[in-house]
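Asks: Pasting the sequence and the predicted coordinates here, then a few questions.
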Amino acid sequence: MNINILYAALAPIVAILLGLLYIGIGRKIIARLQRRYGPPFYQQYIDTIKLLAKKTVSSHGVFFSLGPIMGLAGSMVTLLFIPFGSAAPLLSFHGDIILVMYLVVIAPLGMALGVGEGSNPNGSIGMARGLTLMLAYEVPFVLALFSVVLYTHTTSIAQIVQSQAGEWSLLKFHGFNWLTFALPISAIVADICLQGMLGEKPFDQVIAPHEIASGPMVEYGGKYLGMMVINHALHIYIETALFVDIFLGGGPVWFFIPATFSVFILSLIINGVLPRFRIGQALKFYWGVPLILAVIGIIYTMVVIK
Amino acid sequence: MSILNKFRGKSLWMLHYCTGCGAIEMPPVMTSRYDMERFGIIPMATPRQADILLITGYLAVKTLKRVIRTYEQMHSPKWVVGFGACTVNGGMYWDSYATIKKLELYLPVDLYIAGCMPRPEAIMDAFIELRKGISSGKYEGWKKYIENYDWYKKNQAKLFDVKKWSVNYE
Amino acid sequence: MNFTIGHLILVIVGAGIITAIVTKFNRLSGSITALLLSIGIAFVCFYPAFHILPISFTTGDYTFIFNLSTLSRFFLMLFSGMFPLVIMATVSTKPKAHYYFFFYLILASVIGTISSQDLLSFFFFFELMTLFSYLLVIYKKRAIKAGLVYILMGIIGGLSLLLGIFYVFWLSKDFRISVEILKGSYATLFLLSLPFLIKMAAMPVHIWAPDTYKESEDVYTAFLSGVLSKLGIYGLIFFWFTWGIYGLSAWGKVFDVPVTGYIIAWIGAITAFIGAVYALLSEDVKKLLAYSSISQLGYILVGFGIMSSLGWAGALYHTLTHTIFKTMLFIVVAGIIFRLNTTKLSEMGGLIKKMPVSFLTLLVGIIALAGVPPTMGFASKYLIYSALFEKKLFLLTAVVFAASTAAFLYAYRLIHNIFLGPLKTSLKNTKEAPLPFLIPSLILSLFLVMFGFFPGVPLEWINNILMSLGMKSIASTFTTISTSLGGFNGLLSSSIFISIFGIIFILYLILFPKAKWVNDKNTFTAGEVMHNTDLLTYSSHFYRFLEREFGLLIKLSVKKLYDNILGIFEWMFDVARKLLYHGNVNGYVWAIILVTLTFVISFLIGGLR
């Protein structure tokens, strides 16, 4: 228990470092996809430190400043409720998947307040798009989770991780406990939704630098932008960790970190080769095929458990 | 603060103010052929996020007002790079009534890239020089702008033919 | 001290009369009288040493019974607790004498409704409530047309209730509610549910709600939407409980849920979703809140329709949550409208610097509305989702989840269009809303946050109700709620959020340079200066891209359906009129002769027999 509290205190720092590293390596991989050399893998750390070391910043009001802080706090509290593989359950015995689904939105909503006070229409449009995108992907995603709950008879993420536990060793591979193999359709749906959650192409309407000048970030600079970059890193960690915990069985540290990374890289590679949807198209897309697939996944689950 | 300067030098977010013909030299620099991202230089959408203001080519008097506003919206430390002969001495527009001749009268230019137009190699060279200079603390134009604010404002007002000129957000 | 419900109702009516007389002489002292008396009434209802006794009296064969069950006590606390807060908000609007009089009469009839244990007095008080609330709806001249729809739907509901009661009497020869004979009668179930579905503005019969909420007096809307609509869920539980869950199961089950409950749950889910979509597309602040109210009551119906103890706990919990936050939101918005004199969202914007307290309370309100953790809104959503997960109702879950995500959209739109964005130049001299609006909203937001930290506290009361209804209680402590599937710790998650926020905030203040304050004009507009900052407002048609996607849904409104049905009837009667009243004298003569002949012949035949 005490060890767990220590882990919980360390978790945000680890998550930030991991998330920034993922983005850094991701930039390198995208560069290679585009036949460029690409920045060094530690570039994202440098960028973040540089942003935090800016000497001046401008603020449009109290909530403009509080927005990124609220976002950061929201992300940190969320990641405490997502187990770090099977190595450390953190606080996930004190809150389940429904809590996590709602904790995840604290960060964007907190940020939305700040963005709104920024009095720039680009930011507001970005937020409107972001919330619409959330409306789009949450519905198939919750159905994918629903089939997991049907299969495991629990909403607690820690117990879902436990239910997939096998003997983990370097020699033996026990991936066949994974829910990905038990519920393949739901896993696919969840991965499609992950693309929207991470805001990667074709679902990067929120940022859309060429249309709305990086949307929510338009008025933010310096330390605020630094906090937002950290928040983005945390966000990547949270979403991928959630996916790995639920569908890839969590696993020990040596599996968990590469697994989260590869989930991120998968969506990044899709990002690398696709253009952007219009926001309405994104909604239509998510409420089309993935939704039908999710329903099929649930029916499949019902058949399997019988 | 030399350590922080090292970080600043290695992460340069750029706002390219593409008014002139020089902008056409930027795409090769950004994309696979020369790939400026390997030096941590990426284009940014808004001045709030940017570190470098890259002025590619001539500036009309009217455009200069926008550039000055953009520059003042950027957060320090920030640097200005003049690109092409037009920013150095007017270049081929040296006798035009509508364009400015010397950018450094109005904004603290840290680095010029001479040429009409400079090749991508020259741009890359300039960026590497800028990177080195920032890391060693050589380029501090933004401090110069604050110290000599009145002088810059006087020059700007003279150009715009008004008594006093400020960005004026009131 | 002991007294009966009759005394309580008489005292409330008396308080109404006193307030009306005082208000006749002086508006301000009338308002203060109203406030003090309402606080007194709330105190009487809340103070544990006062025992409210049942009462019954017999006239002829019939016995009127008034008794407060555990369920009624919950609603009594809700109604009498909200009453003084709403009355407080009326102080600065200085209403006329009859406004307060009707307000008190509404409270009296509501208390009569929830305490009556026999059908006739239930009907009597329920109808009185509809009548008085109608009289208050048309307090403003602009609301007469909307009020007509309101009273029409009220009458339909009342007639349906009366028919149901007669049908029950026909079946059982008894007006008491605890009769076994109701089992298996579709007609009574339908007739006795319709009035409450109308009251809750469920989807096919919701048409009165948007206009009535929009046009009625601003503070009264808070009471109408926040409090009075809860009578619907009370009535549903009150009547449906009579059948019992097992009685209802006699018609068969879908997914382990009684068919009737399943239908109600679907009505609720569709109401929740479509209400949310209309809310996020509306351009008027009160209409947005009205549709939001319709949508939120849909969740209550979903929870109610699942007919499990988790579902009913969710429904009752959300009843409490929705009462608190919707009353508060309407009061805050009433304060804003009081200062701005407009309800259009496009005419507001950037008021955060002018009305900081209103902003904070509205913020807490929309966080509760969205159901995000540090407020009690999450607990009610949690219970409803757990109930859906437990019963494996996946399609319902999808629709409800879509509705609650759409709630983020309109909640953000509400706060963004009123408070965020650049300040409208026409609103430069706006002042903070007056104190009578702020105090009740601050009190209510305190409750929202407090119960967010201690979600188990309201659940304790709800568990009592569930046990009195013969259902299983939900396992909970002060800070946690746990179900068969999982659970959460409200205190832990909320306090961790607050403490992390505090740590980051302190670090932010210590480590980093202070920010320079810039004004609305100093924004990124590609180097241009917007001298008219109104052009930077992004507020009308906030979700235009959704208007395109939901175009079909907007076209297919229920109101148009009713209009079409009305059109068909009009056409039919028109045809009949043209046939009978054609203006030809010969025709009339022939018609008279024909009718007379028919009478004579039938009389003859009858006579011969």
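Replies: Received, thanks. Residues are numbered from 1 along each chain as shown, chains lettered A, B, ... in the order given.
Asks: Tell me the predicted confidence for residue 2.
Replies: Let's take chain A. With respect to pLDDT, residue A:2 has a value of 67.
Asks: that's the wrong chain, I wanted chain B
Replies: 80.
Asks: ok, now how distant is it from chain C?
Replies: Here the distance between residue B:2 and chain C works out to 19 Å (CB to the nearest CB, to the nearest Å). Quick note: C-beta positions are derived from backbone N, CA and C, even for glycine.
Asks: so that residue touches residue B:9, yeah?
Replies: No - contact criterion CB atoms under 8 Å: residue B:2 and residue B:9 do not qualify, at 10.3 Å.
Asks: all helices of chain B, in order?
Replies: B:2-10, B:26-30, B:61-73, B:85-89, B:120-135, B:141-147, B:149-160 (DSSP state H).
Asks: For residue C:116, grab phi and psi.
Replies: phi -80, psi 130 (degrees, to the nearest 10).
Asks: Is the nearest residue to it once chain neighbours are set aside within a helix or a strand, and which one?
Replies: Nearest-residue entry for residue C:116: residue C:122, 4.5 Å, with adjacent residues in sequence omitted and distances by CB to CB, 6 or more residues apart in numbering or on different chains. Using DSSP states H and E, residue C:122 sits in helix C:119-137.
Asks: The residue of chain B at minimum distance from chain C: neighbouring residues, count only.
Replies: Residue nearest to chain C within chain B: residue B:66 (3.0 Å; CB to the nearest CB). Residues lying near residue B:66 (other CB atoms under 10 Å in any protein chain shown) number 18.
Asks: The one 5 residues further on now?
Replies: Using other CB under 10 Å, residue B:71 has 23 other residues around it.
Asks: Please look at it and residue B:107 and confirm they touch.
Replies: Yes - the pair residue B:71 / residue B:107 is scored as a contact, 5.8 Å apart, by CB under 8 Å.
Asks: okay, and the common contacts of these two?
Replies: Residues touching both residue B:71 and residue B:107 (CB atoms under 8 Å, 6 or more residues apart in numbering or on different chains) are B:53, B:80.
Asks: Closest residue of chain C to chain B?
Replies: For chain C, CB to the nearest CB, closest residue to chain B: residue C:527, 3.0 Å.
Asks: ok, that residue to residue B:72 distance?
Replies: Distance of residue C:527 to residue B:72, given as CB to CB, to the nearest Å: 10 Å.
Asks: With residue A:92 instead?
Replies: The value you get for residue A:92 to residue B:72, if CB to CB is used, is 48 Å.
Asks: So the two - more neighbours on which side?
Replies: Counted by other CB under 10 Å, residue A:92 and residue B:72 do not tie: residue A:92 has more neighbours, with 24 against 15.
Asks: thinking again about what came up before, residue B:2 and residue B:9: who's more crowded?
Replies: With neighbours defined as other CB under 10 Å, residue B:2 and residue B:9 compare such that residue B:9 has more, 23 against 8.
Asks: For the more buried one, give me its contacts.
Replies: By CB under 8 Å, 6+ apart, the residues touching residue B:9 are B:130, B:131, B:132, B:133, B:134, B:135.
Asks: State the distance from the residue nearest to it when sequence neighbours are not counted to residue C:365.
Replies: Among residues not flanking residue B:9 along the chain, residue B:135 sits closest, at 3.4 Å (CB to CB, 6+ apart). Distance, residue B:135 to residue C:365, using CB to CB: 51 Å.
Asks: who's more crowded, these two?
Replies: Neighbour count, other CB under 10 Å: between residue B:135 and residue C:365, residue C:365 has more, with 30 against 17.
Asks: List the buried residues in the helix or strand that contains that one.
Replies: Assessed by DSSP H and E, residue C:365 sits inside helix C:356-370. For helix C:356-370, the neighbour count (16 or more other CB atoms under 10 Å in any protein chain shown) marks C:357-370 as buried.
Asks: Report the two members of the residues you listed separated by the largest distance.
Replies: Within the buried residues of helix C:356-370, C:357 and C:370 form the most distant pair, 20.6 Å apart (CB to CB).
Asks: what residues does chain B put near chain A?
Replies: B:4, B:7-8, B:10-11, B:13, B:31-32, B:35, B:37-40, B:44-49, B:51, B:73-77 (CB under 8 Å from any CB of the partner chain).
Asks: And the residues you listed, which of them are buried?
Replies: B:7-8, B:10-11, B:13, B:35, B:37-40, B:44-49, B:51, B:73-77.
Asks: what's the neighbour count on residue C:162?
Replies: By the criterion of other CB under 10 Å, residue C:162 has 16 neighbours.
Asks: Residue C:431: neighbour count?
Replies: 8.
Asks: now swap in residue B:158 and tell me
Replies: Using other CB under 10 Å, residue B:158 is surrounded by 13 other residues.
Asks: From residue C:109, how far off is the residue of chain A found nearest chain B?
Replies: Scanning chain A for the residue nearest chain B gives residue A:221, at 3.4 Å (criterion: CB to the nearest CB). To residue C:109, residue A:221 is 59 Å away according to CB to CB.
Asks: For the two, work out which one has more neighbours and name it.
Replies: Between residue A:221 and residue C:109, residue A:221 has the larger neighbour count (other CB under 10 Å), namely 27 against 24.
Asks: List the residues that contact the residue lying closest to the more buried one once chain neighbours are set aside.
Replies: Counting by CB to CB, 6+ apart, residue B:48 is the residue found nearest to residue A:221 once chain neighbours are left out, at 3.4 Å. By CB under 8 Å, 6+ apart, the contact set of residue B:48 is A:58, A:218, A:219, A:220, A:221, A:222, A:225, B:73, B:74, B:75, C:524.
Asks: go on, residue A:278?
Replies: Applying CB under 8 Å, 6+ apart, the residues near residue A:278 are A:205, C:545.
Asks: Pull up the per-residue confidence for it.
Replies: 87.
Asks: Check the gap between it and residue A:132 for me.
Replies: Applying CB to CB, the value for residue A:278 to residue A:132 is 11 Å.
Asks: Ok, residue C:264 next?
Replies: Separation of residue C:264 from residue A:132 (CB to CB): 30 Å.
Asks: what do you get for residue B:65?
Replies: 37 Å.
Asks: Looking at the two, which is more packed in?
Replies: Between residue B:65 and residue A:132, counting by other CB under 10 Å, residue A:132 is the more crowded of the two (24 against 20).
Asks: need the contact list for the closest residue to the more buried one other than its chain neighbours.
Replies: Spatial nearest neighbour of residue A:132, excluding adjacent residues (CB to CB, 6+ apart): residue A:279 at 5.6 Å. By CB under 8 Å, 6+ apart, residue A:279 lies in contact with A:129, A:132, A:133, A:205, C:545.
Asks: Determine which two of the residues you listed are furthest apart.
Replies: The largest separation in the contacts of residue A:279, counting by CB to CB, is between A:133 and C:545 at 10.7 Å.
Asks: Need the residue closest to the centroid of chain A.
Replies: For chain A, residue A:239 is the residue whose C-alpha lies nearest the centre (CA atoms, centre = their mean; 2.5 Å).
Asks: close to chain B, is stretch A:203-210?
Replies: Yes - counting by CB under 8 Å from any CB, chain B is contacted by stretch A:203-210 at A:209, A:210.
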